[in-house]
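# Predicted model, plus sequence, below.
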Amino acid sequence: MRTTIGESATPAVLGSRQVPLLSDEQVGHIRHVDNLSRLARGDWRHMAGPVPFQEDFSSYRYQLGYMSLAMALAHYHRLPAAPAVFQGQLDRLIKKMLEPDAWSYWRDTSTQGGFGPFDLPRLPSRTDPVAVDNIMYSAYLQVMTLMYTMLFDDRTYEQPGSLTFSMRPVLWGKDRHESFEYDQRTLNERIYWNMVENGYLGVACEPYCVFQICNQVPILGFRLHDHIYGGKTAEEVTTGYLAAWERFGGSVNANGHFHSYVVQQNEVLPNDVLVDRDLAWTDGWLGMLMNMWRPELVRTTYGTSIEQWLDRADDGLISVRDLSRIPGTDVYAGLGTLGEMGWLAAWASEMGDQEVVDGLLAHADRYMNPQWENGGLHYPRRDETYDENGKFVLMPPVVSNATFPYARLNVADGLRTLFERPWTDRERSRPALTEIGDSVDIRRAWYHEDVRRLQLTASPRHGLSSTTTDLALSRVWDRGEWTLAVDGVVVANGDDTTVTATGHRLQLRRTGDELRLTLDLRGHTDVDMSWSNT
């Protein structure tokens, strides 16, 4: 039976559980990534790192890849009924990934002799960034597009030529531009054959060097491709991967840390060479990814290694210990800032170690100068490791823009759950928020299937005390009688054909398949739509 307009909604109407609100910091991260996604071509503010030529871990490809993963996890776990917050944002990040600024480094990097303490031969230059090697770019683009399709059932990137790499420098002349056309299926196929041709050990990043880390990303890509298009590629590749890495004793070394990379056999080196150092960024980065398909190994490694990298203060704050004193790390000096604090925070979030996540983020909030800009939260880039008081303050862009948002928005086994249970039409057909104004933050968006209730909480963007916004709710019709409540007071009733509303802080109308609301927001405002169970 409907609740009368003006009455308070009863606890039964309110559903089976109360989903927590996102914090100011969590919505601030989402807003910051959204702000970055909206910048004009060539505007990479807050994303430029200290190392030229896109050679360090704050390269655009890594930031865009992990911003996308962080937002996908936030949508999947935190705000599943708010595609309005994420769909446009993730689409814009994909388009930025296709900009030459993000991939044209490959024209020079493809000629180099590989990373590390080896003198390896140069190779012919390649401009196509996904044809051979360069898994440190191709796999991130692969995953970004497949996540987009999985979350929103938008088939844009399966269209031929939808992923096109075009180099058109003004001074090359009219006949010297280069263009390479792919889509998410042909890109997936190219990565797969690179993997097969390399005996499943993995695809090289820079020439000759096969890193475990970057080869976790295509495993996620293959899983999503299998889910969308069918097949068992992920199962095939992971089986082959395990066998290939057994040549080097498996993925973990004798000290309980993850192996980093292999320099492959060539005319200079008689055999493949395992480069094995205990490194914080390797453990954190690889652990956050590999947990999706090898959770037992990753949890064991976390338990035996995480404390080696942490510097705990008496007040509960946590930072990263002085890594410059660890033997073997000097070889990475040319890479600039490695972002260890962010990788470790993201790994801890995947392990569900909230104490470590909170300690690392609390240290950042106290000592790393958090800033709010256009409603978004970020930490300004800082290149020195310690301040004048000996506090760890190193802040590369990848941490501010990607791995801290990842850590703050992820949940325990968050990536593993997405890997094991990608969304289907069941999740994508539920009632959801599909349009929202730019002046609004969404702090809760959940459809409770057991009690047939859509639960939303909105607030003015950080820095605003009030705002008026238009909302659009989709997939709400043909479900029977419903009531709509604002802050617990029922303000509208309806069914599949009628809408009856009062003027309580909102205007309400049906437009096609949408229920559209114009709502005045002052502070946190709850909007709940419930359907009769009879």
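That came through, no problem. Residues are numbered from 1 along each chain as shown.
# Could you pull up the contacting residues of the nearest residue to Ser532 once chain neighbours are set aside?
Nearest residue to Ser532, sequence neighbours excluded (C-beta to C-beta, 6 or more residues apart in numbering): Glu481, at 4.3 Å. Yep, even glycine has a C-beta here, placed from its N, CA and C like the rest. Counting by C-beta atoms under 8 Å, 6 or more residues apart in numbering, Glu481 touches 2, 493-495, 531-532.
# what about the helices in the stretch 401-534 of the chain?
In the stretch 401-534 of the chain, helices defined by DSSP state H, counting those that start in this stretch lie at 404-409, 414-420, 425-428, listed in chain order.
# Please identify the most buried of the ones you listed.
For the helices of the stretch 401-534 of the chain, the largest average neighbour count (mean count of other C-beta atoms under 10 Å) is found in helix 404-409, namely a mean of 28.
# Tell me which other helices or strands it touches.
Packing partners of helix 404-409 (3 or more C-beta pairs under 8 Å, 6 or more residues apart in numbering; DSSP states H and E): helix 24-37, helix 60-73, helix 340-351, helix 354-367.
# if we can go back for a sec, quick one: the residue nearest to Ser532 from Asp528, how far?
15 Å (C-beta to C-beta, to the nearest Å).
# so Gly240 sits right up against Gly202, yeah?
No - counting by C-beta atoms under 8 Å, Gly202 is not a contact partner of Gly240; they are 9.9 Å apart.
# who has more neighbours, these two?
Gly202 (29 against 17; other C-beta atoms under 10 Å).
# what's around the nearest residue to the more buried one once chain neighbours are set aside, how many residues?
Excluding its sequence neighbours, the residue lying closest to Gly202 (C-beta to C-beta, 6+ apart) is Asn215, at 3.5 Å. When neighbours are counted by other C-beta under 10 Å, Asn215 registers 28.
# Name the secondary structure element that contains Asn215.
According to DSSP states H and E, Asn215 maps onto no helix or strand at all.
# Now do the same contact list for it.
Asn215 neighbours (C-beta under 8 Å, 6+ apart): 135, 139, 195, 202-203, 241.
# Can you lay out those residues as a markdown table showing pLDDT, secondary structure and distance to Tyr406?
Converted to a markdown table, the contacts of Asn215 look like this (pLDDT from 0 to 100; DSSP: H, G, I helix; E, B strand; the rest coil; distance: C-beta to C-beta, whole Å):
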| residue | pLDDT | secondary structure | distance to Tyr406 |
| --- | --- | --- | --- |
| Ile135 | 97 | helix | 20 |
| Ala139 | 98 | helix | 17 |
| Met195 | 97 | helix | 25 |
| Gly202 | 97 | coil | 23 |
| Val203 | 97 | coil | 23 |
| Tyr241 | 98 | helix | 24 |
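# and which of those is nearest to Ala72?
Ala139 (14.8 Å; C-beta to C-beta).
# Now do the closest one: how many residues are near it, please.
By other C-beta under 10 Å, neighbour count at Ala139 equals 30.
# Would you agree it is in contact with Pro218?
Yes - in terms of C-beta under 8 Å, Ala139 counts as a neighbour of Pro218; the distance is 4.2 Å.
# between Gly240 and Gly202, what contacts are shared?
Met195.
# Of all residues in the chain, which one is nearest the centre?
Leu69 (1.5 Å; C-alpha atoms, centre = their mean).
# what's the spacing between the residue nearest to that one when sequence neighbours are not counted and Leu464?
Excluding the flanking residues, the one nearest Leu69 by C-beta to C-beta, 6+ apart is Tyr406, at 6.4 Å. Here Tyr406 is placed at a distance of 26 Å from Leu464 (C-beta to C-beta).
# do His177 as well
Taken as C-beta to C-beta, the span from His177 to Leu464 is 45 Å.
# Also Gln63?
27 Å.
# ok, back up a step: deepest of the helices and strands packed on helix 404-409, which one?
helix 340-351 (a mean of 29).
# got the angle for that one vs helix 354-367?
Using axes from the mean of the first three to the mean of the last three C-alpha atoms, to 10 degrees, one finds that helix 340-351 and helix 354-367 are set 150 degrees apart in direction.
# Tell me which other helices or strands helix 340-351 touches.
Other elements packing on helix 340-351 under the criterion 3+ C-beta pairs under 8 Å, 6+ apart are helix 280-290, helix 295-309, strand 318-320, helix 354-367, helix 404-409, helix 414-420.
# could I get those as TSV with distance to Ala458?
Shown next, in TSV, are the helices and strands packed on helix 340-351 (distance: least, C-beta to C-beta, whole Å):
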stretch	distance to Ala458
helix 280-290	31
helix 295-309	36
strand 318-320	33
helix 354-367	25
helix 404-409	18
helix 414-420	24
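# how about these in TSV, adding mean pLDDT?
Formatted as TSV, the helices and strands packed on helix 340-351 follow (pLDDT from 0 to 100):
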stretch	mean pLDDT
helix 280-290	96
helix 295-309	96
strand 318-320	95
helix 354-367	98
helix 404-409	98
helix 414-420	98
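# wait, which of these is closest to Gln265?
Closest among the helices and strands packed on helix 340-351, using C-beta to C-beta: helix 280-290, at 22.3 Å.
# what does that closest one contact?
57, 212-213, 216-217, 220, 251, 257-258, 260, 297-298, 301-302, 305-306, 308-309, 320, 323, 338-340, 342-347, 349-351, 406, 415.
# how far away is Arg444 from Val499?
24 Å.
# For whichever strand or helix holds Thr164, what does the pLDDT average out to?
Assigned by DSSP H and E, Thr164 belongs to strand 163-167. For strand 163-167, mean pLDDT rounds to 95.
# again, but for stretch 482-499
91.
# Show me the strands in the stretch 101-250 of the chain, by range?
Assigned by DSSP state E, counting those that start in this stretch, the stretch 101-250 of the chain shows strands spanning 163-167, 178-182, 209-211.
# name the helices or strands packed onto the shortest one?
By that I understand strand 209-211. strand 261-263.
# now with 10 Å?
In terms of contacts (3 or more C-beta pairs under 10 Å, 6 or more residues apart in numbering; DSSP states H and E), strand 209-211 is packed against helix 135-152, strand 261-263, helix 280-290.
# before we move on, back to that, and the gap between the residue nearest to Ser532 and Pro129?
54 Å.
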